[in-house]
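Participant: Structure here, sequence nowhere to be found:
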């Protein structure tokens, strides 16, 4: 089913501000599970767009934590469909910091991160029910 399926390459992106309440570690660091939660959100939208169902993020075959996520960051999470099976979809996921707080400059100071810094990459498997509709 992968070959010429027009849904192959479908990409969904969300952006979210990382609140200070999510900082668990020194230096305002946020745990890696925060980014994985964002991947679940973009995977859900992929399933809705492709199959008319929220589906289920069944697991990851690869996860790489490449940089720090801090309170005050703006994260961009993206999922791209790279393989389509009968009931499964393989997604290439990435999280990038697009803006970062700069508390040393002031309590509300921040800057854009140019180019955005990739902080997490993963390959995920999304499963949809056999009764899901296809567009």
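Facilitator: Cool, the structure landed. If you're wondering where the values come from, they're calculated on a predicted model, not measured in any experiment.
Participant: so the closest residue to residue 15 other than its chain neighbours is in which element?
Facilitator: Nearest in space to residue 15, with sequence neighbours left out and distances taken as Cβ to Cβ, 6 or more residues apart in numbering, is residue 76 at 5.0 Å. Where C-beta positions appear, they are placed from N, C-alpha and C, glycine not excepted. Assigned by DSSP states H and E, residue 76 belongs to strand 74-84.
Participant: repeat for residue 100
Facilitator: Using DSSP H and E, residue 100 maps to strand 88-101.
Participant: Partner strands of the helix or strand just after that strand, with direction?
Facilitator: For strand 88-101, the following helix or strand on the C-terminal side (DSSP H and E) is strand 110-127. Partners of strand 110-127 in the sheet, by DSSP bridges, are strand 56-65 (antiparallel), strand 88-101 (antiparallel).
Participant: Name the strands paired with the worst-scoring helix or strand of the chain on mean pLDDT and say parallel or antiparallel.
Facilitator: Sorting the helices and strands of the chain by mean pLDDT, DSSP states H and E puts strand 23-25 at the bottom, at a mean of 90. Applying DSSP bridges, strand 23-25 is found paired with strand 29-30 (antiparallel).
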